[in-house]
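**Q** sequence and predicted structure, then a few things I'm wondering about:
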Amino acid sequence: MGEFDFSVITNSLPFLGQGLMLSLWLTLLSIIGGIVLGTLLALARLSGFAPLSLTAAAYVNLIRSVPLILVIFWFYFLVPLALGRPIGSFYSALIAFVLFEAAYYSEIMRAGIQSVRKGQVHAGQSTGLNYWQIQRYVVLPQAFRNMIPILVTQGIILFQDTSLVFVVSLRDFMTASSIVARTEGRLVEMYLFAALVYFVICFSGSLYVRRLNKRMAT
């Protein structure tokens, strides 16, 4: 530790901060998009319309059967070929994350919707609400409340997965740390610092999930 150089970290903070902001921004947008699309997929799977339900189930099972890095490659290399023009590294990664995470959020939301008691649905039907109104005003608010801890946990996993965007040349926090480590020849310092940052953010999120679980139980 006597040869540990802290200055390489402090001098690189602006560059590392830009990478961290990109990681957090990508995580936030992917969570929002994933939850919205995942909720629609969950409602489709639970609907009584067989073609819609089977299509949603096929999509969820397909996406959950392939690694995330492969989905990123699809949208970075194959989609531009189909469209005849590039869509950019950031948007390729964002679309890939949203579509990938939607499959997982769909299962979380489906479990949350099914956790709402049938009596709530019957009460909505007795007041004259249709299927989508019952889901919007009765079921989904309760389902979201039940699933908040799991949704936050999935968001933590998503933040960790953003390190995969190096394959499309995006300078997220992990990529920025690797660039500094190689440029300055200080691999130990930078990778330990990167691990510390990931630990602080993810552990803080875990503590928040634990607090939410206690609050929900109360």
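**A** Perfect, I can see it now. A quick note: this is a predicted structure, and the numbers were derived from the prediction, not measured.

**Q** show me where the protein has its helices.
**A** Using DSSP state H, the helices assigned to the chain run over residues 7-11, 13-46, 50-63, 68-73, 79-83, 89-115, 118-126, 131-134, 140-161, 173-184, 187-217.

**Q** how about those helices in a markdown table, adding distance to residue 167 and mean neighbour count?
**A** To be clear about C-beta, it is placed using only N, CA and C from the backbone, and glycine gets the same treatment. Formatted as a markdown table, these follow (distance: least, CB to CB, whole Å; neighbours: other CB atoms under 10 Å):
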| stretch | distance to residue 167 | mean neighbour count |
| --- | --- | --- |
| helix 7-11 | 25 | 14 |
| helix 13-46 | 14 | 18 |
| helix 50-63 | 18 | 14 |
| helix 68-73 | 6 | 16 |
| helix 79-83 | 15 | 11 |
| helix 89-115 | 9 | 21 |
| helix 118-126 | 44 | 12 |
| helix 131-134 | 39 | 14 |
| helix 140-161 | 12 | 17 |
| helix 173-184 | 10 | 19 |
| helix 187-217 | 17 | 14 |
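
**Q** any chance of these in CSV with mean pLDDT as columns?
**A** Compiled in CSV, those are given as follows (pLDDT from 0 to 100):
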stretch, mean pLDDT
helix 7-11, 85
helix 13-46, 91
helix 50-63, 91
helix 68-73, 89
helix 79-83, 78
helix 89-115, 88
helix 118-126, 79
helix 131-134, 78
helix 140-161, 84
helix 173-184, 89
helix 187-217, 85
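
**Q** can you tell me how far residue 134 is from residue 148?
**A** 21 Å (CB to CB, to the nearest Å).

**Q** please disregard the earlier target; I meant residue 98.
**A** 20 Å.

**Q** apart from its neighbours in sequence, what residue is nearest residue 194?
**A** Leaving aside its sequence neighbours, residue 194 sits nearest to residue 177 (CB to CB, 6 or more residues apart in numbering; 4.1 Å).
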